[in-house]
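Engineer: Take this sequence and fold it.
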Amino acid sequence: MSVLGSLRAAREWAYPMRTKTAFLEKGVLTPEEFVRAGDELVFKCPTWSWESGDKARAKPYLPPDKQYLVTRNVPCQTRVASMENTLASEADDADGDWLVSHVIQPTQATTIEDEFDILDEEGEIVKKEEPQTKPTTASEDEDDEYADMADFEDDNVLEDEAAATTPKTGDDDNNLMKVRTYDLSITYDKYYQTPRVWMMGYTADSHQPLTGKEMLEDVITDYANRTVTIENHPHVSGPHASIHPCKHGKVMKTIVHNLTKSAGDGDEGPSIEMYIFIFLKFVSSIIPTINYDFTMDVTADTSK
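Structural biologist: Numbering: from 1, shown residues only. Predicted coordinates for the structure are as follows:
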């Protein structure tokens, strides 16, 4: 472990454990709430499962058999740079607009657990755009470390159907398209009191681990090496790409607040069990071409 990694581990170990809920007030979770939210994800999305990991690395504040969540062999059909170039060539110049696109297929739903409306600044519901609508380009983020995550507090995470296809390889025996795959895992960060996403990628042809540089090719450019860095996983050996959780609580607080405002009469808004579904929707804006499953169609409104 690097010196920085050792310091972070010591900081997390020394930080007091949260025991009281602050889901609505701060957008964070206790370890028990993390397990509840994870159980709901595993129940509704069978591609996700709990893992115990290395017993020597187990966190005492989580159940031995529920140390982290994982989903394996997640397809990643195209590089982010290709998607960004396509969006840039199709979109008109925009002043002050900020957009992160993703490739999650929208579905029709009728309840708050399946669908969330985007509200404008006056509290009116914004009509959803059709999938073929072309998105706008992204504006420059702040230069300071992790500052780009703060953009989620002021702008909407919009949906886009910009999934690009990848040409088939020469080996077409089974008519399968060979693509990169990822193992994604979610741990609980005791210091930031939020989930944290980790990614390990594999090559399309030989299923060999990707290098750190190659994995960052599947991250939105503005976040690569800033919000997303290569670090050691707390439970699994080998370097992983990880989304730094320093802004997660603040972003989740804003999203949950707006979802609560948009809830209908008699509906209390999102519950703790929905936390990871909302969280994964937010994460999909950072790694838009990694097509993991979170089943429910969640529209994350981050405007204040």
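
Engineer: Strands along this structure, start to end?
Structural biologist: 49-51, 68-76, 180-189, 194-202, 228-232, 239-243 (DSSP state E).

Engineer: Relative to Met252, which of those strands is closest?
Structural biologist: strand 194-202 (6.9 Å; Cβ to Cβ). For every residue, glycine as well, the C-beta is placed using N, CA and C.

Engineer: who are the neighbours of that closest one, in terms of helices and strands?
Structural biologist: strand 180-189, helix 212-215, strand 239-243, helix 248-262, helix 275-283 (3 or more Cβ pairs under 8 Å, 6 or more residues apart in numbering; DSSP states H and E).

Engineer: Now do the same for Asn174: its pLDDT.
Structural biologist: Per-residue confidence (pLDDT) for Asn174: 55.

Engineer: re earlier: by mean pLDDT, show me the worst of the helices and strands packed on strand 194-202.
Structural biologist: helix 248-262 - the lowest mean pLDDT of those, at a mean of 90.

Engineer: how about that one: buried residues?
Structural biologist: By neighbour count on 16 or more other Cβ atoms under 10 Å, the buried set for helix 248-262 is 248-259, 262.

Engineer: got the CA positions of it in PDB?
Structural biologist: These are the backbone C-alpha positions of helix 248-262, laid out as PDB (Å, rounded to 0.1, in the frame of the first residue of the first chain):
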ATOM      1  CA  HIS A 248     -21.200  11.900  -2.900                       C
ATOM      2  CA  GLY A 249     -23.100  13.000   0.200                       C
ATOM      3  CA  LYS A 250     -23.600  16.500  -1.000                       C
ATOM      4  CA  VAL A 251     -24.800  15.300  -4.400                       C
ATOM      5  CA  MET A 252     -27.100  12.700  -3.000                       C
ATOM      6  CA  LYS A 253     -28.600  15.200  -0.500                       C
ATOM      7  CA  THR A 254     -29.500  17.500  -3.400                       C
ATOM      8  CA  ILE A 255     -31.000  14.600  -5.500                       C
ATOM      9  CA  VAL A 256     -33.000  13.200  -2.600                       C
ATOM     10  CA  HIS A 257     -34.300  16.700  -1.800                       C
ATOM     11  CA  ASN A 258     -35.500  17.200  -5.300                       C
ATOM     12  CA  LEU A 259     -37.100  13.700  -5.500                       C
ATOM     13  CA  THR A 260     -39.000  14.500  -2.300                       C
ATOM     14  CA  LYS A 261     -40.300  17.800  -3.800                       C
ATOM     15  CA  SER A 262     -41.500  16.000  -6.900                       C
END
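
Engineer: which strands and helices sit next to it?
Structural biologist: Packing contacts for helix 248-262, counted by 3+ Cβ pairs under 8 Å, 6+ apart, involve helix 23-26, strand 194-202, helix 275-283.

Engineer: got the ones you listed as CSV, with distance to Ser237 and mean neighbour count columns?
Structural biologist: Putting the helices and strands packed on helix 248-262 into CSV (distance: least, Cβ to Cβ, whole Å; neighbours: other Cβ atoms under 10 Å) gives the following:
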stretch, distance to Ser237, mean neighbour count
helix 23-26, 33, 14
strand 194-202, 10, 23
helix 275-283, 23, 23
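
Engineer: Which of those sits closest to Ile243?
Structural biologist: strand 194-202 (4.8 Å).

Engineer: Next, the angle from the closest one to helix 275-283.
Structural biologist: 60 degrees (axes from the mean of the first three to the mean of the last three Cα atoms, to 10 degrees).

Engineer: returning to that earlier point: now for the helices and strands packed on strand 194-202, which one comes closest to Thr21?
Structural biologist: helix 275-283 (11.1 Å).
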